[in-house]
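Enquirer: The amino acid sequence is not available; the structure is as follows:
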C-alpha cells in the first residue's frame, strides 16, 4: 500500500509539472491610468493568454496599482497576453448584505434583498459603460477587441498601462 501511494504521489507530481500547475509564476504588477490619472479602484485588469499559459487578473487599488494572480496564486506565467481593462463597479451602491439568511435559504440560492437589482445595475454598467473623463472605453474589456498586448519575455513583469477615455477602436 505504501509503495502504491508513493507511485501515485510521484505520478501526480509529474503530471502537475507537465501542466504547469503553480510552476513558473512570476510576480506581475503595474499601474493603470486613464487620461493620465490613476484608474478607479476596483478596475479589473485581465491578462488573457495568447498561448498555452493561464490567464491572470487583478484589481486596481490605490494610485492605480495592481498585482495579478493566476489560479488563486500570486503572479503570472511567462508568455504573451492581451490585456483587458474592465471598468470599476464600485460606484454602484451594494445592497445591505447584513441580512441573515438561513442555511436552507443559502442552499436554495436565495439572494439578500436588493441583490438582483444591484446585479442588474452592474450588468448595465459593464454592457454600456459611461463615457467621459475617467471611464475606460468598452473595446478594452474583451480579448477580441483590446489593442493592449504584453509579452513578459520582452516587456518584463512591471506593466504601465495608459488609456484615454475618448479613445475609439482604431484610434
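Expert: That came in fine, so what should we check first? As the structure is a prediction and not an experimental result, all values here were calculated from the model. Numbers count the residues shown, from 1 in each chain.

Enquirer: tell me which element the residue nearest the centre of the chain falls in.
Expert: Nearest to the geometric centre of the chain sits residue 57, at 3.1 Å (CA atoms, centre = their mean). Assessed by DSSP states H and E, residue 57 sits inside strand 56-59.

Enquirer: Could you list the paired strands of the helix or strand just after that strand along with their orientation?
Expert: As assigned by DSSP H and E, the chain's next helix or strand after strand 56-59 is strand 65-67. When sheet partners are counted by DSSP bridges, strand 65-67 sits next to strand 29-34 (antiparallel).

Enquirer: any idea how far residue 66 is from the spatially closest residue to residue 84 that is not a sequence neighbour?
Expert: Once flanking residues are discounted, residue 84 sits nearest to residue 46: 4.2 Å by CB to CB, 6 or more residues apart in numbering. Glycine gets a C-beta too; all of them are placed from N, C-alpha and C. Distance, residue 46 to residue 66, by CB to CB, to the nearest Å: 10 Å.

Enquirer: mind checking the SS state of residue 106?
Expert: Following DSSP: H, G, I helix; E, B strand; the rest coil, the label given to residue 106 is helix.

Enquirer: Check the burial of it by counting its neighbours.
Expert: 11 (other CB atoms under 10 Å).

Enquirer: The one 3 residues further on too?
Expert: For residue 109, the neighbour count with other CB under 10 Å is 6.
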